[in-house]
Structures are given as structure tokens and as C-alpha cells.
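> coords below, sequence missing:
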């Protein structure tokens with residue numbers, strides 16, 4: 001007499017669960033990568049008429065209206081700003097950084113940072129927000 005097994009393991013593998021996990025991971029990494037460019041230094045960027053390309057600069061110099069400087073969100077005195085930028089960009093093949101100056105920042109503070117870039121042949125990008133007119 002032959003005895004039948006009732007619980008037979010199904011050899012088929014369902015990919016639905018794995019696809020769900022992969023899609024969730026993809027969404028997670030897309031959201032976190034977009035949020036990683038947000039700076040903790042509060043500055044009101046000036047309005048521009050064109051879209052800003054998302055420049056992946058590793059170094060960001062923020063300037064507040066009262067003349068405070070920040071390199072990658074770390075408060076930096078004016079005297080050591082040049083050495084701090086130089087140290088962070090040392091050894092880069094195409095050294096560049098982004099200037100995030102408040103719309104009420106004095107022109108002399110922005111020019112000071114631009115002179116550092118020119119002296120060391122660094123490329124700079126000036127961050128703005130899009131003017132919705």
C-alpha cells in the first residue's frame with residue numbers, strides 16, 4: 001500500500017517578495033541621497049532666474065549676513081578660512097566648492113571667498129534659489 005504525503009514542499013520560488021524589498025531599498029536610497037545636500041546653516045539664498053544644476057561639491061562655504069563663515073557647516077574664523085578650504089580640497093583632481101551666501105550678506109565677504117578660489121585656482125559655484133515669476 002502506497003502512502004501519500006499531504007504536505008509537499010513547493011519547489012517554485014516567488015520573486016514578488018524580493019522585488020518589493022528591492023523597490024523599498026531603491027526608494028530609501030533615493031530619498032536619503034536627495035536629503036544629504038541640505039545644509040544645517042540657515043541662510044536665505046538670493047533668487048536666480050535659471051535652475052541650479054545639482055553640483056556634487058564636497059565642500060560648501062556658507063556665509064551669514066553677520067559675516068560668520070562655515071565650511072561644511074562647521075564654524076570657521078575668517079583667518080583660518082583659506083587653510084580650511086585648502087585642506088579639504090587638497091589632492092582633488094578638479095577642486096571646486098559651493099558658496100552659499102545669504103541674500104543680505106555683505107559683498108566684501110563673498111569677494112573674500114572668491115579671492116581664495118582665484119588664488120588657488122579652485123572652481124566655485126554660487127548657490128541660489130529659483131525665482132518663480
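That came through, no problem. The structure presented is a predicted model; accordingly, all values stated were derived computationally and were not measured.

> Kindly indicate whether residue 66 is helix, strand or coil.
Going by DSSP: H, G, I helix; E, B strand; the rest coil, the secondary structure assigned to residue 66 is coil.

> in the chain, which spans are strands?
Taking DSSP state E as the criterion, the chain carries its strands at 47-48, 59-63, 69-71, 74-76, 96-101, 123-126, 129-130.

> so can I have CSV of those showing mean pLDDT, mean neighbour count and distance to residue 28?
(Each C-beta comes from the backbone N, C-alpha and C, glycine too.) Shown next, in CSV, are the strands of the chain (pLDDT from 0 to 100; neighbours: other Cβ atoms under 10 Å; distance: least, Cβ to Cβ, whole Å):
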stretch, mean pLDDT, mean neighbour count, distance to residue 28
strand 47-48, 64, 12, 31
strand 59-63, 89, 22, 24
strand 69-71, 92, 19, 29
strand 74-76, 91, 13, 28
strand 96-101, 88, 20, 26
strand 123-126, 85, 15, 28
strand 129-130, 72, 12, 27
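
> Serialize those to JSON lines and add fields for distance to residue 3.
Below are the strands of the chain laid out as JSON lines (distance: least, Cβ to Cβ, whole Å):
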{"stretch": "strand 47-48", "distance to residue 3": "79"}
{"stretch": "strand 59-63", "distance to residue 3": "73"}
{"stretch": "strand 69-71", "distance to residue 3": "77"}
{"stretch": "strand 74-76", "distance to residue 3": "74"}
{"stretch": "strand 96-101", "distance to residue 3": "74"}
{"stretch": "strand 123-126", "distance to residue 3": "76"}
{"stretch": "strand 129-130", "distance to residue 3": "74"}
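
> just for this structure, where's the confidence low?
1, 4-13, 34-57, 131-133 (pLDDT under 70).

> just the helices in it please.
Assigned by DSSP state H, the helices in the chain fall at 16-35, 81-89, 107-119.

> Out of the ones you listed, which gets nearest to residue 63?
helix 107-119 (5.1 Å; Cβ to Cβ).

> List the buried residues of that closest one.
Buried residues in helix 107-119, counted by 16 or more other Cβ atoms under 10 Å: 109-110, 112-113, 116-117.
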